[in-house]
Every structure is written in C-alpha cells, then in structure tokens.
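1. Turn this into a model:
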Amino acid sequence: MRRAAKLAALFAVLLPALPASGASAAALPPIRHVFVIVLENENGSTTFGPGSPAPYLAKTLPSQGAYLPNYYAIGHESNDNYVAMISGQAPNPENQGDCQDFDNLEPGTIGSDGQAVGDGCVFPADVPTIASQLDGAGLTWRDYNQSMGDDPTREASACGHPGVGDQDNTQSGTAADEYATRHNPFVYFHSIIDDTTLCDTHVVNLSYLTQDLSSAADTPNYVFITPDLCADGHDLTCATPGRPGGFAGIEQFLQQWVPVITNSPAFKTQDGLLMITFDESDSYDDNEAVATDSSACCGEIAGPNSAEPGIHGPGGGVVGAVLLSPCIKPGTVSTVAYNHYSMLRSVEDIFGLGHIGYAQLPGEVSFGPDIFNRPCGAAPPVTLRAPPLASSASARPTVPLKWKATGADAASAKTFTVQVKRTSSTGGRWRTLLKATTKRSVRFHGREGATYQFRVRANSPNGLAGSWAMARTVVPSRTRVSGARYHGSWRLAPLRDGWNGHALIGARGASMTLRFRGGTLELIGSVWPQGGLARITLNRHTRTINLHSRVAHARHVLYRAVLRAGSHRLLIRVIRGPVPIEAVGILNRRG
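-> So this is what the prediction gives:
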C-alpha cells in the first residue's frame, strides 16, 4: 500500500496539467459509430509478418484501412486487457490470472488516480466504464458475444456470467458452447450486472448484431464484439467438431463479419470506425515458462495492485492493430505507439467524453492524423451553372448544365446526383437525371414554354450526401407567339450575341397584342447598343422598358407578371429604335 500511495502522489502532480478531454479530440473526424473486435494471444510479428497465417487480417484489411505495427497490449493474461479497454483499470493479481473465480475486487476503494485498489475480478459499482460514460452522454452501446448462452446450463444467453463468488466454469469451451466469460469485460462491473434490465439488453449474443446493423438508427454508437474461443484464435483445436481454431478460426470470423459491418448504413453514412486487435501477445514460450513479450509503451505504469502488468515485464507486448474507416486512406501505416488505454482514450475523445482510469496517463494519446488522413463527413458543397433562359430555336430546347464541388474538401466528392423538376407542369415532382454520376456536365432537353428547376449535390465516398445546389431555367415559347396580333413593321432576323434562333425586331410604331387567361408572363429580349424603348400595357397598366446598353446582354427577362385566372390583354408598342423580342413565355397558361 505504500507503493500505491507513491503512485497516487505521482498522479496528483501529473494529472492537473491534463485537459478534461484530449487535446487531439478537436482533430478527430466526426465518427458516430465505433466497432471493436478483440482476438486472442498472438504476437504482432506473427500475425502481420512475412508469411502470415492470416492473410485476410494481415494483408487484405490493412490495404483497406490503417495498420498499426506499434500497438501494445497492457498486460498478461487476457482478462486484465479486456477490462482496461473499457475502464482504464490496471491489472491486479486475480484478473492477471484470468479470474478463475468470479469474486469481488476488494477493498475496492478508488484512489486519486482513478484506480480501484485491491484484488479481485468484479469491480465496485462506482468504477466508471465507457458504458456508463456513453449512458451519461445519451449515447448508445452494446456488447455482442458469440456463443453466449448456447448451453444455458453454463450461462444465460444475455448478460452471461457466473454468480458472484462462484467458480468460472467457462474457462474452457465445450462441444456445445465456446463462450468465455473472461473475454467479456462488461460483466466484470457491478454498475452493469447489478442492473438486470440494463445488462440483459446491452450484453447480448452476437446473433443480434445483424439485425442492429440493418439501419443506422438501430446501430449503437459503441459496439464491442467478442468472438468465441474458436473464432478469436484462442483454441488451436476447437471443442466444437468441424469448427476451425487458431488463425483459421480468426480468418473465418473476420471474413464473415467485417463486410457486414463496413457495408452497414451506420458505418458507411455516419463515418464508422472498426478496430481489430488482440488482447495480448503470445503469453509464453514453448515451455510455457516465460512470457515472450511483456514490453509496454505510452508511459504505461503498473498501477496500485500489481508490480508488473505483464507478469514478467511492464506490459502486454506488441500485438498490432488494423483500423478501417471512411476517414482513413487505404494502405495507411502509422508507426506511432498506442495501447489499449490509447484506444479507450480515442473512443472517449471521439464521443466528447472525459478520460477515465489510465486513459488519462500523460503518455497516452488519441488516434490522430497519422491514422485519420482522409476527409470524411458530409460531402462538400456544389456550384451549379444553368442559363436563366434557354434557346427555343430547336424543336427540343437544350439546357446546358455544369457543376463542380467546391471548398477545401472538394476532392472528396466522388459522385453527383442531378435532378430536375418542371414547375410549369402539374405536380412538380423531382426526377433524377443522373444518379451517382462522375460527370460534371449534361445537356438537358426541355419543352417550349416550360420552367425547369435543377438541383445537384455531391456524394462522399462513405455515402453521405451534401446540400443541394439549385438553378432555374426558363424555356420560352417561339418568337411568334400563337394567338398574338401584330401591327406595323416586325421582322425576323438573326440577333448578334443572342440565342441560337432569331429575334422578332419591331420598328417604331409597331405593336403586338396578345390575349390570354392567367399564368406567369415573361417578356424575353435583348439589351444592346441599338436597343430602343417599348411601352408595355397589361390590363391598362403601362410601363416603359429601355433596351439600350453600351454592352450587349442577351436573354434578359424584360418584363414579368404573375396573373390570376381571367381575361388579360398584353400590348407591346415600340416607341423608338429597334426592340428585339426573342420570345414571350407564358407559364401555367390557362385558357
């Protein structure tokens, strides 16, 4: 206890300088779902080295995400590592021995460093975990355990664990049940197992995962996955006939479940993060006498309860890790040193939580830009260019559309969705022109006398859609409006700087009269150096428009009016100079 007091004093000096949450938290991407898969008892050099017996884990998955060759366990044997991952609690002699008996940690008083002092397996109710942190923040979590409850005489199918004080009879697998309690850290905290409803609904069989992944809304923010003794590689030969163990079991499990996770809506559309690692390095040499790797990193200290977390050294050795996320560039390799406390700290920072246990050690850092090196989150904004007025010279008026992503993350826009709505037709429903296209332009063919709205948005690599960019184009009627009466000198002539078609040019004294029954009226023409004056009379209301400008501007809406249903009369009279009128558009025309 004298040693524990010294460590507590050390923490009292070091910890005040630390922020409540990691300084690296601000740099973390907007990840909303974290998935953790923990495997068993392999050295990083064996798993990821040349000639790896697990090519899917060692080669395929790192090529899709990030490989962390300097990722360490924090102790030996299994249970203390699992407990550290979700609570930051350091090892004690009993969980270093894998908790053969499911008894309480006593006396369990919590020191100034956040560590529960004593020896035992089940931590007092006031010891915080990532589960209690998430609950307090209004976030969700679930712990999925393969084979739990397959043999109901061993353990329940929900919140499966021995009775407190009882011997743990799940230390070895059976032909009917390969679940191991010691690999399920959540049942080692009274704050969870004492609340029956909480535990039964959150500590469940792996079979629930597929259903929960079917929608982002049903997927917990934090997912912890424990394969059974066959699938996690612990048992080289499975007790269950026909099932592979060792690395073959690991490969089979990952090939089944990793695609299910990474293709889920939560992972793809809400920036998921999947981490795959091992609890500890291979514990013993061939004679099962000495731990082969008990190295440590990241300023790990022993804690108050055990002089050497690694039994024969300061840590649990190098195990390596693979991380997959839309926020990680495929093929990334980070040589930064991390451990299980770092993982807990990273999860806390991702969700904006404080640091508990030894996640707050001065040497622990969260996963940073060495790993999260690709823009993610919502797709970047888009600019859309479309002419406000389109040519009606041809039988199928053409509207050229161009768009591009903008901003610092423009390169993250891999595809675009393009839609159109004809507002001059009944209903006005959006119709998709291009879905998930890599194009940056398209030529849309419209109809005379119609108004179209266009919208485009970008799609990011993870499936998130950005905001819509909007544009509106009027396709006017042809130059000579059907039903209009003309007086005086009007002629059809090509118009420089105008549309592809011709303009109707009126000389002084010329007039045009049009009767119609409601709708939106648009008089479309050109403003140019030779332009003159025209008087517009609509239902006895008169307005003069000036079409003269030193710089030519074609395709202008010279006059616009929105009229209710009824009889209306439009009179256009040329006062002086040529008045080029390219078209008269009547939208939603009634009668």
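
2. Quick check, pLDDT for the residue nearest to S342 when sequence neighbours are not counted.
-> Excluding the flanking residues, the one nearest S342 by CB to CB, 6 or more residues apart in numbering is E364, at 5.2 Å. Every C-beta, even on glycine, is put in place using the N, C-alpha and C of the backbone. At E364, the model reports a pLDDT of 96.

3. my read: E364 touches G299, true?
-> Yes. Using CB atoms under 8 Å, E364 makes contact with G299 at a distance of 6.8 Å.

4. which one of these two has more residues nearby?
-> Neighbour tally, E364 and G299, criterion other CB atoms under 10 Å: the higher count belongs to E364, 25 against 15.

5. SS state for the more buried one?
-> On the three-state scheme (DSSP: H, G, I helix; E, B strand; the rest coil), E364 is labelled coil.

6. and it, how far is that from N373?
-> Plainly put, E364 is 21 Å away from N373 if you go by CB to CB, to the nearest Å.

7. now swap in P55 and tell me
-> Taking CB to CB as the criterion, P55 is separated from N373 by 24 Å.

8. same question, L353
-> For L353, the distance to N373 equals 24 Å [CB to CB].

9. Look at the two and report which has more neighbours.
-> More neighbours sit around L353 than around the other of L353 and N373, counting by other CB under 10 Å; the figures are 23 against 14.

10. can you tell me which residues contact the residue nearest to S342?
-> When the contact criterion is CB atoms under 8 Å, 6 or more residues apart in numbering, the partners of E364 are 298-299, 339, 341-342, 345, 358.

11. got it, and T415?
-> Under the criterion of CB under 8 Å, 6+ apart, the contact partners of T415 comprise 436-438, 458-459.

12. check contacts around V127.
-> 87, 89, 108, 110, 116, 189, 191.

13. my guess is it is in a helix, correct?
-> No. Using three-state DSSP, the assignment for V127 is coil, not a helix.

14. how about it, phi and psi?
-> As for V127, its main-chain torsions (degrees, to the nearest 10) stand at phi -90, psi 120.

15. Next one: it from S191, what distance?
-> According to CB to CB, V127 stands 7 Å off from S191.

16. which residues are contacting stretch 144-164?
-> Taking contacts as CB under 8 Å, 6+ apart, the residues outside stretch 144-164 that touch it are 102-104, 122, 168-170, 174, 176-179, 181, 184, 187, 192-193, 196, 199-201, 203-206, 208-209, 223-228, 231, 253.

17. so of these, which ones are in strands?
-> Residues of the contacts of stretch 144-164 located in strands (DSSP state E): 102, 203-205, 223-226.

18. In those residues, which residue is surrounded by the most others?
-> Neighbour tally across the ones in strands among the contacts of stretch 144-164 (other CB under 10 Å): the maximum, 28 neighbours, falls on T226.

19. and that one, what does it touch?
-> Contact partners of T226, counting by CB under 8 Å, 6+ apart, are 38, 143-146, 183-184, 206, 232.

20. ok but T47 is inside a helix, no?
-> Yes. Counting by three-state DSSP, T47 is part of a helix.

21. What degree of burial does it show, as a neighbour count?
-> If you count neighbours by other CB under 10 Å, T47 ends up with 25.

22. That one against F278, yeah?
-> Yes. Under the contact definition of CB under 8 Å, T47 touches F278, with a separation of 7.2 Å.

23. what's the overlap in contacts for those two?
-> Looking at what touches both T47 and F278 (by CB under 8 Å, 6+ apart), the common residues are 319-320.

24. Mind checking which residue lies nearest the centre of this structure?
-> D271 (2.0 Å; CA atoms, centre = their mean).

25. Dihedrals phi and psi, that residue?
-> Main-chain torsions, D271, degrees, to the nearest 10: phi 50, psi 70.

26. From K435, how far out is the nearest residue to R429 once chain neighbours are set aside?
-> Computed as CB to CB, 6+ apart, the closest residue to R429 that is not its neighbour in sequence is K421, at 6.5 Å. Taking CB to CB as the criterion, K421 is separated from K435 by 16 Å.

27. With neighbour numbers in mind, choose between those two.
-> Set K421 next to K435 and count neighbours by other CB under 10 Å: K421 wins out with 17 against 11.

28. Identify each of the strands in the stretch 401-550 of the chain and give its residue range.
-> Along the stretch 401-550 of the chain, counting by DSSP state E, counting those that start in this stretch, strands occupy 415-422, 431-437, 441-445, 450-459, 469-475, 485-487, 490-494, 502-506, 511-516, 519-527, 533-538, 541-546.

29. ok, now which ones touch the residue nearest to I311 when sequence neighbours are not counted?
-> What sits nearest to I311 in space, not counting adjacent residues and going by CB to CB, 6+ apart, is H76, at 4.8 Å. The contact partners of H76, taken as CB under 8 Å, 6+ apart, are 96, 280, 283, 291, 294, 309-312, 316-317.

30. can you give me the strands in the stretch 251-400 of the chain?
-> Listed in chain order (using DSSP E, counting those that start in this stretch), the strands of the stretch 251-400 of the chain are 272-278, 321-324, 332-333, 338-339, 382-385, 398-405.

31. and the fourth one, what other elements does it pack with?
-> To tie it back to what came earlier, the one meant is strand 338-339. If contacts are counted by 3 or more CB pairs under 8 Å, 6 or more residues apart in numbering; DSSP states H and E, strand 338-339 sits against strand 71-72.

32. what's the angle from the very next helix or strand once past the strand it packs on to strand 222-226?
-> Sequence order places helix 78-87 as the next helix or strand after strand 71-72, per DSSP states H and E. Between helix 78-87 and strand 222-226, the angle formed by their directions is 170 degrees, by axes from the mean of the first three to the mean of the last three CA atoms, to 10 degrees.

33. what's helix 78-87 packed up against?
-> Contacts of helix 78-87 with other secondary structure elements, assessed using 3+ CB pairs under 8 Å, 6+ apart, are made with strand 33-39, helix 93-96, helix 130-136, helix 340-350.

34. Please work out which of the ones you listed is packed deepest.
-> Comparing the helices and strands packed on helix 78-87 on average neighbours per residue, with mean count of other CB atoms under 10 Å, the densest one is helix 340-350 at a mean of 27.

35. now could you export just the CA positions of that helix as CSV?
-> Listed next in CSV are the C-alpha coordinates belonging to helix 340-350 (Å, rounded to 0.1, in the frame of the first residue of the first chain):
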residue,chain,number,x,y,z
HIS,A,340,-5.4,-0.4,-25.0
TYR,A,341,-5.5,2.7,-22.8
SER,A,342,-5.0,4.8,-26.0
MET,A,343,-7.9,3.0,-27.6
LEU,A,344,-10.2,3.9,-24.7
ARG,A,345,-9.0,7.5,-24.8
SER,A,346,-9.6,7.7,-28.5
VAL,A,347,-13.2,6.4,-28.1
GLU,A,348,-13.8,8.9,-25.3
ASP,A,349,-12.5,11.8,-27.5
ILE,A,350,-14.5,10.7,-30.5
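
36. contacting residues around it?
-> Contacts with helix 340-350, where a contact means CB under 8 Å, 6+ apart, come from 21-22, 24-25, 28, 31, 34, 36, 72-74, 81, 84-88, 130, 133, 222, 273, 275, 277, 298, 300, 316, 353-361, 364-367.
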